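Asker: Just need the structure, nothing else, for what follows:
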Amino acid sequence: MQNLIKDLEPKDIAFINNIPLSSYTTFRIGGPARLCVSADNSDLLHQILYIATKYNAPFFVLGKGSNILVSDDGFDGLVIFNNATTWKVLNESKNILPDKIKIEKRFDRPNISIFSSNK
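Answerer: Have a look, this model is predicted:
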């Protein structure tokens with residue numbers, strides 16, 4: 001984990017040690033994660049995942065924290081909070097309506113429904 005931390009620091013990726021995961025789950029249970037980072041966009045998420053896999057570090061990507069139970073022993077690895085909220089239209093065929101809409105994991109579905117119905 002120390003090598004992973006050394007790679008995060010020069011990229012200005014903020015991290016926190018030993019944060020209780022109970023604060024981030026809907027059931028409010030769970031012990032500490034050894035290391036936590038927050039990814040606010042898909043590019044940052046990609047950078048963090050690259051660094052974690054480079055060192056074979058155990059990692060877990062956490063969205064809104066529902067439908068998950070965390071042991072009271074916590075997680076001895078890297079927890080990546082996926083806080084990405086952006087989306088973009090991918091219009092590969094140049095049609096009036098988009099072919100695809102790329103949504104980062106944490107984007108709320110009602111908002112994309114409003115967007116889709118307005119097109």
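Asker: Just list whatever residues bridge to the residue nearest to the spatial centre of the chain.
Answerer: By CA atoms, centre = their mean, the chain has its centre lying nearest to N82, at 1.8 Å. Per DSSP bridges, the residues bridged to N82 are A39.
Asker: right, and it touches F60 too?
Answerer: No: using CB atoms under 8 Å, N82 is not in contact with F60; the gap is 10.4 Å. Just so you know, the C-beta spots here come from the backbone N, C-alpha and C atoms, and that holds for glycine as well.
Asker: Report the separation between the residue nearest to the centre of the chain and I19.
Answerer: Distance, N82 to I19, using CB to CB, to the nearest Å: 15 Å.
Asker: and I13, which of the three is it?
Answerer: coil (DSSP: H, G, I helix; E, B strand; the rest coil).
Asker: From A39, how far off is it?
Answerer: 9 Å.
Asker: which residues are in contact with both of the two?
Answerer: When contacts are counted by CB atoms under 8 Å, 6 or more residues apart in numbering, the set common to I13 and A39 consists of I48.
Asker: And those two? Which one has more around it.
Answerer: In this view I13 and A39 are compared by other CB atoms under 10 Å, and A39 has more residues nearby, 22 against 16.
Asker: All the strands of the protein, residue numbers only.
Answerer: 15-20, 32-39, 59-62, 75-82, 87-90, 100-103 (DSSP state E).
Asker: Output these as CSV; include the columns distance to L69 and mean pLDDT.
Answerer: Output for the strands of the chain, formatted as CSV (distance: least, CB to CB, whole Å; pLDDT from 0 to 100):
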stretch, distance to L69, mean pLDDT
strand 15-20, 14, 94
strand 32-39, 14, 94
strand 59-62, 12, 89
strand 75-82, 12, 93
strand 87-90, 29, 57
strand 100-103, 26, 54
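Asker: between those, which one is nearest to A52?
Answerer: strand 59-62 (4.4 Å; CB to CB).
Asker: Run through the neighbouring helices and strands of that closest one.
Answerer: For strand 59-62, the packing partners by 3 or more CB pairs under 8 Å, 6 or more residues apart in numbering; DSSP states H and E come out as helix 42-54, strand 75-82.
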